[in-house]
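**Student:** predicted model and sequence below, questions to follow.
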Amino acid sequence: MEHLRGAPDTVDDGLLLPGEELSASRRSFLRLAGFGVASGVLAGCSRGPERSVVPLLHASDALVPGRGYAIATTCAGCSAGCGVLARCRDGRPIGLAGNPEHALSRGGLCAVGQADILGLYDSRRAGVPRMRGADSGWEAALAELRGALEAARREGKAVRVLTGTLTSPSTRRALEELLAGFPDARHVEQDALSSAAWLDACEATHGVRALPGLRLERARRIVAVEADFLGTWISPVEHAAAYAAGRDPATGPMSRHVHCEARVSLTGLAADARHVVAPWQARELLRLLCAALEAESGTEPRAGRLEGAVELVKLARALAAELREAGRGALVLYGGEDEPAARLCNYANALLGAWGETLSLARPSRQRRGDDRAVERLWSELDAGRVGVLLCAGANPAYAWPREARALLERADVLAVHSAGLDETWALADVALPAAHALESWDDAEPQPGRYSLTQPTVPPLRDARTLRWVARALAGATAPDAHLLREHWRDELHATLAPDEPFEAFWRRSLHDGWVEASGEAAPEPAFDPASIAALEPARAPSGLGLVLYPKVGLRDGAHAHNPWLQELPDPVTKVVWDNYACLAPGLARELGVETGDRVRVTAEGGGTLELPALVQRGQHEQVVAIALGYGRAGTERFADVGPQWWEARETVDVHGRVGVNAAELLAFGEGRRRGEVLGVRVERGAGRRDLAQTQEHHSLVVPEHLAPPRGEVRDVARSVTLAGLGHAGGHAAGGHGARTELWADDHAPVGHHWGLAIDLSRCTGCSACVIGCQSENNVPVVGRDEALRHREMHWLRIDRYYDEGEHGLSAAHQPMMCQQCDHAPCESVCPVLATVHSSEGLNQQVYNRCVGTRYCANTCPYKVRRFNWFDYPREDRLQNQALNPDVTVRSRGVMEKCSFCAQRIVEAKARARSEGRTLADGDVVPACQQSCPTQAIVFGDMNDPHSRLRGRMQDPRAYAALEELNVQPSVRYLMRVLNRTEGEASHG
Amino acid sequence: MPSANAILFGVLSAALGGGAIVLNADVRMLGSNRGYAPRQPVAFSHRIHAGDLRMDCQYCHSGARRSRLAGVPSASVCMNCHARVTARLDSVLEERERAAAEGREERTPVAPELAKLYAATGFDPESGAYAHEPAGPIEWVRVHNLADFVWFDHRPHVARGLACEACHGPVQSMDRMRQEAPLTMGWCLDCHRTQAADSRAPTSAAGLRAAHHVTTDCVNCHL
């Protein structure tokens, strides 16, 4: 609209005002001299640049500028299919949160899901199809692909579509109909984090190739072997919510969870007891468990004799006894890759009568469907040169496949890719088609049969990218837009079964509004367990040397989101390392090798693959195991070379090879005769040099340094825990407290008006770090890079402190979310020389950026170490990525202090809404970002002065205590002690 | 060496400027944009609309009760009236007379400022239809600017029944919109302090929890 401003036909309204441009005529000079200069000079002191306001051309009742609204959609971060509320402003999403009404995720959303908004605003995402490395149009690319498909048909060659787990029924249908037109066409699913072993096992034991649906809330005893169900396994948000529901001592009997694993996982640390079991021992352990259960119940022995390694037999007997106690409320889980072990797991559940109660194949899960045998067939087909067209969509074989298999990709006549354009396979493809992001496209999901979830655009497409459904239909000749394709599928396929009595339009609108819809009706009968599937099984082979465990990290998973800086800088819940992967070694093994955390080691696999990466000494790990995280070393992470402030002493975030971390798939071998499920043997030796790992745990430690502590050392009971038995009769030791409350300023904070507070249940917190990302997204927390993290300068307003506890129950940990405690007697307030941090009338410790001069006295004096200083103006150069900034929160500049504000912007917003609706604030109107998406509802925010608030109830719980309450800073945050279902001894944390 | 003329120019302007500062009764405080009245792409007159026609402020600025921002109306809101009102009454009458005198059919007179609105919306006043490709929204110049670290919310102020004039001045008499109040923090607090004192009077906890409680807390505006 430039032509409108100052256009020749502009009517001069006769005035000449400060700041206007003047023509250099004599008359205007005199006017200028008269009053223009005077005002102009003063104006120059104050006026910012001219800003424009561009209203919408057409007013809309739905879209009011500046007013927030939410769109219900579905998360595409992984295949779990959680419900999302996209929080939008002015026609674009600014944050993602869980949809509290969604049947599957019940309001939770994990760190990956919440961080996926940066995936939408990724400026390097592809928007133009490419053919053999050159840009082309959609028409040309599709024509090329159609030609290739026709050629494959003519030559009798195979057409293969490789995807990850595809939960979208409409896309599955489109693919099926496309592939049905070819004589040899198949859809192959592969999960980078595979559950193929359990899928195969269920097919063998129950005749159903599906994952059992879990009902962890009903489980009274959980024995999990290698199943990281709270962190990364299948559907962690759903599992965590159900798990927490079954472990609340206030609402019913608390479940007991025993975990067996070799590496240290989030889930293992949450367990009441943890046993270190090597992956190659899992099959034997489960066999012994079944044998013990058989012996107890006197059923026909199928699992062999209750004999073997003494330790395992003892463990199996103990587990069997515990499980038996729970009756049908017992649950055995196996999350490894050994199919016979998964079969034994199913058998154990059958012996316990758990099928139909705590897990069910009548209500199965379709959240992972990958078939590793089909992938192996694909490899041999590629090897034989039989594949005419290989279309990879949502799968990244050029990264995730073993090295030799990757080379096979070139054997396909035409390799086509449908992806966001940031992956390794895209670079190899003959035809590359840009895939739309879930937040800008139409889609649906059926993660569990009968449970449908809808995906709808939250923003007009930012790229000329399409969905796989559209591509499949377009290849088959359809030309309709994607929204029509989806609508048609729902009208023709789902309407009649889901809502036969409702007109389609009403049904469609309701489904879009809610984001999900569930089929009613009886569940099918539970498939029968086939005892014949349990034949004599030989024990798994132990690897020669050390065993390799490849595991997904909570933040990075399979690496699909490796381009997301928030996830790269999310501290791992266990190791607290940011920006790198590493070889986890047990302390004994590390001593033996003479390495410490940060020393480089060389890992060589049986098949010849080799990697160099830093070591990390991890207690609680199996001594014969090397654990390496997947998802690192992705192509394109070179972009993080200049993340964070670039100054002369800054060290690069990326490693010497230019990427973040290394790709553990390099160690996988192909064609070595390695059977699935068998653990790969590796050799570890000391490498050259070091790479310091940025570990955030020790940065803001509340532990008193040894040289400052009293002679016997000071014990600060920051993260407390109690056993279930202890909770019963003593009411915990929270009530004891540390000394009386002393008031110097008794009248200063009268208990009237609002007094905002927060209560965090350490028993519910699993350390999943969803709150950390939620806070980062809501509060515009910058990414600082590895170097700054090494200097203890990470900026997260909310960190999760991990407190280990090691004893006869094995390694365990309490996770304590730590943010500004909004102290009533805040030490930071009394030391600020410029009153930049002052107390509000509602109990908030306010940080006023425009007053702060950066003395950092407050950070020095804060006992909780939660204040963060802006050492730099952190880079905000990516204008597209800046669209994810929350417009309600200041982007802080260099030299000011910042910290958790209890999401003051949400308090202000809730008040304004209540005011304009003519009502008072109700409990639950204000939900801070950390609470909003917590899968387990560990965090509750509210008004301490409201006697009926949910918060007040939590604060009066006998488990409630304040961290460091002996300091009498009167924090507004209460922690509820972690409850452990342990029978003997007293749990302790320090 | 600057020329003598340039030196003279400088001295003259400094003297005149300095004199103007002394004479100008309305010297603004540093940081205040009081009196800012930028030229707008369309010479819209609040005097005609809010003054002469007595239109309700929130007919156009409906965001004030629904959103933080009062908002500038969409062109489609203008078109609610201006699809029919295409020029001032005198030009309509003049055209009618002239058409009668010349014995031709009456043409729709279009005021030059409204022509910009029609270009933006693609409206053809002659046929009364949206016949053209819209040129797109009008880019107005923002008059009331606050610093980036200040969050002002219209809703609570409107809900409390505060008159728009209290902050925006006698808009109904302004041809060109100008900033009347200084919009400095001290100016905001002048009002918030008195209101806060008023609302603190009833000391019942429930009364204070009422959403209508006015405070001078920093986080009301600095987030």
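**Tutor:** Looks like it arrived, so ask away. Source: prediction; values computed, not measured.

**Student:** now do the contacts for the spatially most central residue of chain B.
**Tutor:** What sits nearest the mean C-alpha location of chain B, by CA atoms, centre = their mean, is B:M177, with 4.7 Å. The neighbours of B:M177, taking CB atoms under 8 Å, 6 or more residues apart in numbering or on different chains as the test, are B:A37, B:Q40, B:F44, B:H46, B:V143, B:V171. No exception for glycine: its C-beta is placed from N, CA and C like everyone else's.

**Student:** switch the cut-off to 6 Å
**Tutor:** B:H46, B:V143 (CB atoms under 6 Å, 6 or more residues apart in numbering or on different chains).

**Student:** what about it, distance to A:D761?
**Tutor:** Per CB to CB, to the nearest Å, B:M177 is found 53 Å from A:D761.

**Student:** do the same with A:L593
**Tutor:** On the measure of CB to CB, A:L593 and A:D761 end up 41 Å apart.

**Student:** low-confidence ranges, the stretch 501-650 of chain A, go.
**Tutor:** Counting by pLDDT under 70, the stretch 501-650 of chain A contains no low-confidence segment.

**Student:** could you count how many residues lie near residue 143?
**Tutor:** You didn't pick a chain, so chain A it is. 14 (other CB atoms under 10 Å in any protein chain shown).

**Student:** that's the wrong chain, I meant chain B
**Tutor:** By other CB under 10 Å, 20 other residues sit near B:V143.

**Student:** tell me which element it is part of?
**Tutor:** Under DSSP states H and E, no helix or strand contains B:V143.

**Student:** and the helices in chain B, which stretches?
**Tutor:** Assigned by DSSP state H, the helices in chain B fall at B:4-23, B:46, B:57-60, B:63-66, B:75-82, B:89-102, B:112-121, B:154-159, B:165-168, B:185-200, B:205-209.

**Student:** how's chain A carved up into domains?
**Tutor:** What automatic domain parsing lists as the domains of chain A is A:196-365, A:546-695, A:717-980.

**Student:** report the secondary structure state of A:V64.
**Tutor:** Taking DSSP: H, G, I helix; E, B strand; the rest coil as the rule, one finds A:V64 in the coil state.

**Student:** surely it meets B:R66?
**Tutor:** Yes: when contacts are counted by CB atoms under 6 Å, A:V64 is listed as touching B:R66 (4.9 Å).

**Student:** now for the residue in the stretch 101-250 of chain A that chain B sits nearest to: which residues touch it?
**Tutor:** Across the stretch 101-250 of chain A, the shortest distance to chain B (CB to the nearest CB) belongs to A:I117, at 20.0 Å. If you count contacts by CB under 6 Å, 6+ apart, A:I117 has them with A:L96, A:A884.

**Student:** one more time with 7 Å
**Tutor:** A:P93, A:G95, A:L96, A:S777, A:A884 (CB atoms under 7 Å, 6 or more residues apart in numbering or on different chains).

**Student:** how many neighbours does A:R218 have?
**Tutor:** Close neighbours of A:R218, defined as other CB under 10 Å, add up to 17.

**Student:** how about the nearest residue to it, chain neighbours excluded?
**Tutor:** Nearest residue to A:R218 in three dimensions, chain neighbours excluded: A:T358, at 5.2 Å (CB to CB, 6 or more residues apart in numbering or on different chains).

**Student:** what count of nearby residues applies to that neighbour?
**Tutor:** 28.

**Student:** dihedrals phi and psi, it?
**Tutor:** Phi and psi for A:T358, reported as degrees, to the nearest 10, are phi -100, psi -20.

**Student:** now do A:V517
**Tutor:** Dihedral pair for A:V517: phi -150, psi 150, per degrees, to the nearest 10.

**Student:** helix or strand for the residue lying closest to it once chain neighbours are set aside, which one?
**Tutor:** Leaving aside its sequence neighbours, A:V517 sits nearest to A:S511 (CB to CB, 6+ apart; 4.6 Å). Applying DSSP H and E as the criterion places A:S511 in helix A:504-514.

**Student:** so what's the gap between that helix and the chain middle?
**Tutor:** A distance of 29 Å separates the centroid of the chain from that of helix A:504-514, by CA atoms, centre = their mean, to the nearest Å.

**Student:** again with stretch A:599-616
**Tutor:** Relative to its chain's centre, stretch A:599-616 lies at 27 Å (CA atoms, centre = their mean).

**Student:** now stretch A:863-874
**Tutor:** Taking mean C-alpha positions (CA atoms, centre = their mean), stretch A:863-874 and its chain are 24 Å apart.

**Student:** first to last residue in it, what's the distance?
**Tutor:** The straight-line separation of the ends of stretch A:863-874 (CA to CA, to the nearest Å) is 26 Å.

**Student:** then stretch A:624-644?
**Tutor:** 38 Å.
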